[in-house]
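A.B. asks: Predicted model follows, preceded by the sequence.
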Amino acid sequence: MKFTQKIFLITFAFVTISINLIGVIIINNTYTTQIDAKMESNISNINNICNALKFYNVTEMNVNILRKDNTYYEISEGNNIIYTNLLFDMSEIKEELEPTEENIKSIISKEILFMSVKTGNYNIIIAENLEDVFKMREEQIYFFIQVSMIFSFIIAFCLYITIYLLTNKIKKLNRAVRKIADGDYSTRVKKLGKDEVGNLAVSFNKMAESIENTIEEIKTVSENRQNFIHNITHEIRTPLTSIIGYSSLIKNGKIDDKNTIIEYSNKIYDEGNYLNLISERLMDIVLLNNKKVELENIDISETIQDIIESMEFDYKEIKFYKRIEKDINFESDKILLHSLVLNLVKNAIMSYEKKDIKIVNIILEQLNNETVLLSIIDKGKGMNEEQLQKVMEPFYTLNKDRNRKMSGMGLGLPLCIKICDVLSAKLKIESVLGEGTAVNIEFELGGKQNDN
């Protein structure tokens, strides 16, 4: 049985029973009131007769003045009936109606009200036909049955409409839930009012939105992982193919020239070293996911100065322009900071073509009491919007040549992003195609670490 049917039947039964119960109570109360009124009237008559008998005998008392329509009397002394106009058979109730001194008895039998009392030597019985009372009760019962049937039909109709309107909102929610269960996570429920069901619809939409966002995030993560696996497979397969090819030529003795063997051996060494660098860089990224660094107070001005001086020695063809504010100290991790700056400067160097004059600007300044800004700016090739979005993906490189000293492996920037996340630094890249790129990193002087 459906929920709507259960509500209808239970409510209809409850309302119908309640109305019928109220009707029965009203009819019985009316009946009891009428009976009580008849008994009160007859008690008054009995009292009048009893008072009259104290002063007159029966023959002297005018009994006819006590008569009422449908009311009959019997006055007896002992077993002698002195006066009676009773027309009813009292044989079945004679014993029950036997009067006692100053105690009025009353019995209703076959729509007749019998009342008896004993006063002195006299026994008084009054009988009144209650046919009109019983007839009225029957008419009321019949009328109530008709009214009850009509009202029951009206109530059933109104109840059905009301329940339909109320449960229709729940049905809409149910349909939305089924759509989400079938995979349609974009499903939303229209506004259903401000009642409890309406509030439930609002909560449902928030839940559906959260589920959709979570599913999209899962899809994105899954796609990124798939792309990562594809990229790393491609990145590893190329040097492995070279290693296998060169080593196969040497192993099978197809190369006799010593210089050629040395050249191939160097290529095997370079490719193997490249694979080792990939594994190390990937390990760094993996370890940073769970790494909780211990911060220490460092002089970032001195740290960056040392890094640039070291790179000036290694890259003599690069012109480094520095504007480093002195004596800037904050809580950080020196090793991670060194790796961050080193990778970003190398990326800046690799943005140039071979024939270009390579210039890298390094600017360190304290913006306020809370923030330090490090900017690494180049005048290289720059990036368009599409490249700017992809450059943070693992193994994505702008320089597609095989000179890995200059093109890199595409893991430097993802590592920098992870380091910034651990150090709670904000990394922002601005680039214009053909004009160059600026990488800005904001550090908090409070040295807060991100545990996530």
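C.D. replies: Good, I have the coordinates. Residues are numbered from 1 along each chain as shown.
A.B. asks: And the helices in the stretch 1-150 of the chain?
C.D. replies: Taking DSSP state H, counting those that start in this stretch to define them, one finds helices in the stretch 1-150 of the chain at 3-55, 131-181.
A.B. asks: Ok, the stretch 351-452 of the chain next?
C.D. replies: 385-390, 404-407, 412-422.
A.B. asks: Looking at the ones you listed, which one is packed in the most?
C.D. replies: Counting by mean count of other Cβ atoms under 10 Å, helix 412-422 has the highest mean neighbour count of the helices of the stretch 351-452 of the chain, with a mean of 20. All C-beta spots, glycine's among them, are computed from the backbone N, C-alpha and C.
A.B. asks: before we move on, the earlier item: among the helices of the stretch 351-452 of the chain, which is nearest Ile49?
C.D. replies: Closest approach to Ile49 among the helices of the stretch 351-452 of the chain (Cβ to Cβ): helix 412-422, 110.6 Å.
A.B. asks: any idea of the mean pLDDT for that closest one?
C.D. replies: On average, the pLDDT along helix 412-422 is 77.
A.B. asks: Can you name every helix or strand that that helix contacts?
C.D. replies: Contacts defined by 3 or more Cβ pairs under 8 Å, 6 or more residues apart in numbering; DSSP states H and E place helix 412-422 against helix 258-290, helix 334-350, strand 426-432.
A.B. asks: Make a markdown table out of the helices of the stretch 1-150 of the chain and add distance to Glu217.
C.D. replies: A markdown table is the format used below for the helices of the stretch 1-150 of the chain (distance: least, Cβ to Cβ, whole Å):
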| stretch | distance to Glu217 |
| --- | --- |
| helix 3-55 | 35 |
| helix 131-181 | 17 |
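A.B. asks: Could you provide the ones you listed in JSON lines, with additional columns for mean pLDDT?
C.D. replies: Formatted as JSON lines, those follow (pLDDT from 0 to 100):
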{"stretch": "helix 3-55", "mean pLDDT": "80"}
{"stretch": "helix 131-181", "mean pLDDT": "82"}
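A.B. asks: how about these, which one is nearest Ser106?
C.D. replies: Comparison of these against Ser106 by Cβ to Cβ identifies helix 3-55 as nearest, at 6.0 Å.
A.B. asks: centre of the chain versus the closest one, how much separation?
C.D. replies: Relative to its parent chain, helix 3-55 has a centroid offset of 53 Å by Cα atoms, centre = their mean, to the nearest Å.
A.B. asks: go on, stretch 418-431?
C.D. replies: So, by Cα atoms, centre = their mean, the centroid of stretch 418-431 is 35 Å from its chain's centroid.
A.B. asks: Could you export it as CSV, CA atoms only?
C.D. replies: What follows is stretch 418-431, C-alpha atoms only, in CSV (Å, rounded to 0.1, in the frame of the first residue of the first chain):
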residue,chain,number,x,y,z
LYS,A,418,53.0,21.5,-3.9
ILE,A,419,55.8,23.3,-1.9
CYS,A,420,53.7,26.5,-1.8
ASP,A,421,50.7,24.5,-0.6
VAL,A,422,52.8,23.0,2.3
LEU,A,423,54.3,26.5,3.2
SER,A,424,50.8,28.2,2.9
ALA,A,425,52.3,30.5,0.2
LYS,A,426,50.2,31.8,-2.7
LEU,A,427,51.6,31.3,-6.2
LYS,A,428,50.3,33.3,-9.1
ILE,A,429,51.5,33.2,-12.7
GLU,A,430,50.9,36.1,-15.1
SER,A,431,52.0,35.7,-18.7
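A.B. asks: how about the helices of the stretch 1-150 of the chain, which one is nearest Glu96?
C.D. replies: When those are ranked by proximity to Glu96 (Cβ to Cβ), helix 3-55 comes first, at 16.0 Å.
A.B. asks: Deepest-packed of the helices and strands packed on helix 412-422, please.
C.D. replies: The highest average neighbour count among those, using mean count of other Cβ under 10 Å, belongs to helix 334-350 at a mean of 20.
A.B. asks: pLDDT on the lengthiest helix in the chain, on average?
C.D. replies: For the chain, the longest helix by residue count, based on DSSP state H, is helix 196-251. Averaged over helix 196-251, pLDDT sits at 78.
A.B. asks: Show me the least confident stretch of the helices and strands packed on helix 412-422, going by mean pLDDT.
C.D. replies: Among the helices and strands packed on helix 412-422, helix 258-290 scores lowest, with a mean of 74.
A.B. asks: list the contacts for Cys158?
C.D. replies: Contact analysis of Cys158 by Cβ atoms under 8 Å, 6 or more residues apart in numbering lists nothing.
A.B. asks: Also Leu159?
C.D. replies: Phe8, Thr11, Phe12, Val15.
A.B. asks: What's the PyMOL line that selects buried ones from these?
C.D. replies: With 16 or more other Cβ atoms under 10 Å as the criterion, this PyMOL line picks the buried residues out of those:
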select buried, resi 8+11+12+15
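A.B. asks: how about the contacts of Leu159 in JSON lines, adding distance to Ala208?
C.D. replies: Below are these laid out as JSON lines (distance: Cβ to Cβ, whole Å):
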{"residue": "Phe8", "distance to Ala208": "30"}
{"residue": "Thr11", "distance to Ala208": "32"}
{"residue": "Phe12", "distance to Ala208": "35"}
{"residue": "Val15", "distance to Ala208": "37"}
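A.B. asks: and which of the contacts of Leu159 is nearest Thr260?
C.D. replies: Among these, Phe8 lies closest to Thr260 (Cβ to Cβ), at 93.2 Å.
A.B. asks: what about the nearest residue to that closest one once chain neighbours are set aside, how many neighbours?
C.D. replies: Once flanking residues are discounted, Phe8 sits nearest to Ile163: 5.5 Å by Cβ to Cβ, 6 or more residues apart in numbering. Ile163: 18 surrounding residues under other Cβ atoms under 10 Å.
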